[in-house]
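Asks: pasting the sequence and the predicted coordinates here, then a few questions.
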Amino acid sequence: MPFNKQGRCHCGQVTYEVYAEPLRMAQCHCDACRQITGVGHNVQAFFYIADVKIKGKTSSHQSIADSGNIRTRHFCSQCGSRLFSYNSAAPDIIGISAGSFDDSSWFKPQIILYNSKRKNWDIIDENIKTRNFM
Ligand SMILES: [Zn+2]
Ligand SMILES: [Zn+2]
């Protein structure tokens, strides 16, 4: 069965479709991910941009990561749902928020990043490998 998944923002103005399996799945507890999500961490699946089709209008915000790379995060310009992120170091890759997929039962983080920044109320699966940085 070819991997084909759809997702959307909360209001439905932005929808997307993915046509290939994720390259990587990660959970991140860095300050930026905590602040932009408003919860303990961000969870994203990464794909080649060429394998993703997006419809609708997003707004974006850029910031400099610890690595010095530019991170651009896109969210629905109507409801604010965070959907996509890009990293200047890997211009052909898109990160998609795992919770925005209509069906995310396939998602499982392979790694937990910035575990040293994790808040003690944010409990993790002890079986997943952790790293204290990106
Ligand atoms: Zn929306
Ligand atoms: Zn992060």
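Replies: All right, it came through fine. Ligands and ions are numbered 1, 2, ... in the order given.

Asks: now do the contacts for the residue positioned nearest the centre of the chain.
Replies: When C-alpha atoms, centre = their mean is applied to the chain, the residue found nearest the centroid is residue 44 (2.9 Å). Neighbouring residues of residue 44 by C-beta atoms under 8 Å, 6 or more residues apart in numbering: 25-26, 28, 85, 95-98. Bear in mind the C-beta positions are built from the backbone N, C-alpha and C, glycine included.

Asks: restricted to strands, list these.
Replies: Among these, the ones falling in strands (DSSP state E) are 25-26, 28, 85, 95-97.

Asks: ok so, going back, for the residue nearest to the centre of the chain, give the beta-bridge partners.
Replies: Residue 44 has the following beta-bridge partners by DSSP bridges: residue 26, residue 97.

Asks: quick check: it vs ligand 1, distance?
Replies: Residue 44 sits 18 Å away from ligand 1, taking C-beta to the ion, to the nearest Å as the criterion.

Asks: and the pLDDT for that residue?
Replies: We note a pLDDT of 98 for residue 44 in this prediction.

Asks: and for residue 47?
Replies: 98.

Asks: off-centre distance for the helix or strand where it lies?
Replies: Assigned by DSSP states H and E, residue 47 falls within strand 42-48. Centroid separation for strand 42-48 versus its chain: 4 Å, with C-alpha atoms, centre = their mean, to the nearest Å.

Asks: thanks again, I'm all set now.
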